[in-house]
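Asker: Quick one: sequence plus predicted model below, questions after.
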Amino acid sequence: MTSHASLPAVPVDSLRWREILDVLRSAKRVAVTTHIHPDGDALGSVMALVWMLQLTGVEAVPVLTDPAPENLRFLDAGGEARVAGDPRVDAVLSASDVIAVVDVSTSDRLGRLMNRVLAAPGRRICIDHHTDGDFPAAPSLIDTSASSAGELIYELSRLLLGDGPLPLRIAEALYAAIMTDTGGFRYTNTTARTHRVVAELIEAGVKPEHIYREVYHKARPEVLRLLGLALAGLQTDIQGRLAWIDITQERLALSGARQEDVDGFVELPRTLLGVDVVILFMELQSGKVKVSMRSREGVNVHDLASQFGGGGHVHAAGILMEGPWIASREALLEAARKALGGRTA
Ligand code: 5GP
Ligand code: MN
């Protein structure tokens, strides 16, 4: 019987990583950070990279603009992350010879940390899978064909740590990153490469059901009540091609749920027959409006978001609109109708 054990299951393009490897291998202290309101890919990628670097003898510290949402805290069970507002953040940033930014390449998506990251003395590097970022980093590796930042960090792990088995917590963090950014391996960003990487992670000991439960099965009744309110108010237009739901401050108060609980709500209207674009509008306490958009294949919500200063991917994009609620909402709905070639008011 021939053994294929020596063949790497996931071909690693080491050339494109060369500069990043050079920088990381000669670093002593690395701060690893990501975008505001970190999601599974952001947090999983940050923690995996931090732990990989620690294994190679680097002093690596995760730095976050916002705390991890409750369901993702298991990824930082040791409480290593330093969150903006913590006085230690400035010390970490100024003592780091490298600042690695993952899952984001748009400066303003670093939120409160943006100016400090840009002013820090360390070298900035970036590993991301989003388009048209403006974040100044050198070297940077932007691969929009990767499902997630986690998929890229996995690739880096093979080069940084060699072919031995990945430590379980690193494999779990990467699995959570890839699972969440692909909607459980369903979105169009899911590729054969994604599945090959995930196969490796499972071989490293990840139990898919365990991670799925950690991330998705922790809802409190308040969250499902809010979902109920949002879905009861579902609206559609242009023969069902456009659908949207509203998370107002009133609905948040009525249900007792929190803003961060809304993650994933935008997925439900996607199950509607014939829907092309789904929008979730969330009224923030500040009066700003946070928008999440999703589209089916062939419809570009990134372009729609960029008309309003937002961004993201072709099929998943977001905007932070200034408000007020009614006007922002109407302006985007109108642009969406136009983009879909439907009637406009
Ligand atoms: P979500 O709807 O899950 O919050 O975000 C979907 C995608 O849009 C993510 O890839 C995220 O990076 C991007 N995105 C969300 N909000 C914003 C925003 O305010 N500005 C930009 N540039 N991208 C966003
Ligand atoms: Mn991502």
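Answerer: That came in fine, so what should we check first? Ligands and ions are numbered 1, 2, ... in the order given.
Asker: can you give me the helices in the stretch 51-200 of the chain?
Answerer: Here the stretch 51-200 of the chain has its helices, by DSSP state H, counting those that start in this stretch, at 88-95, 114-119, 149-161, 168-181, 192-203.
Asker: Just put those helices in a markdown table and tack on mean pLDDT, distance to ligand 1 and mean neighbour count.
Answerer: For glycine as for every other residue, the C-beta is placed from the backbone atoms N, C-alpha and C. A markdown table is the format used below for those (pLDDT from 0 to 100; distance: least, Cβ to the nearest ligand atom, whole Å; neighbours: other Cβ atoms under 10 Å):
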| stretch | mean pLDDT | distance to ligand 1 | mean neighbour count |
| --- | --- | --- | --- |
| helix 88-95 | 98 | 22 | 16 |
| helix 114-119 | 97 | 13 | 15 |
| helix 149-161 | 97 | 10 | 25 |
| helix 168-181 | 98 | 8 | 26 |
| helix 192-203 | 97 | 16 | 18 |
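Asker: Out of those helices, which is closest to residue 223?
Answerer: Closest to residue 223 of the helices of the stretch 51-200 of the chain, according to Cβ to Cβ: helix 168-181, at 16.6 Å.
Asker: from the middle of its chain, how far away would that closest one be?
Answerer: 12 Å (Cα atoms, centre = their mean, to the nearest Å).
Asker: before we move on, what about stretch 157-166?
Answerer: 23 Å.
Asker: hey, which helix or strand in this protein has the poorest pLDDT?
Answerer: Within the chain, judged by mean pLDDT, DSSP states H and E, the helix or strand with the poorest mean is strand 311-312; its value is a mean of 94.
Asker: Let me know whether it sits next to ligand 1.
Answerer: Yes. Judged by Cβ under 6 Å from any ligand atom, strand 311-312 and ligand 1 are in contact via 311, 312.
Asker: That strand and ligand 2, any residue contact?
Answerer: No. If you take Cβ under 5 Å from the ion as the test, strand 311-312 misses ligand 2, and the best it gets is 9.3 Å.
Asker: Determine the set of other helices and strands touching that strand.
Answerer: In this structure, strand 311-312 packs against helix 301-306, strand 316-321, with contacts taken as 3 or more Cβ pairs under 8 Å, 6 or more residues apart in numbering; DSSP states H and E.
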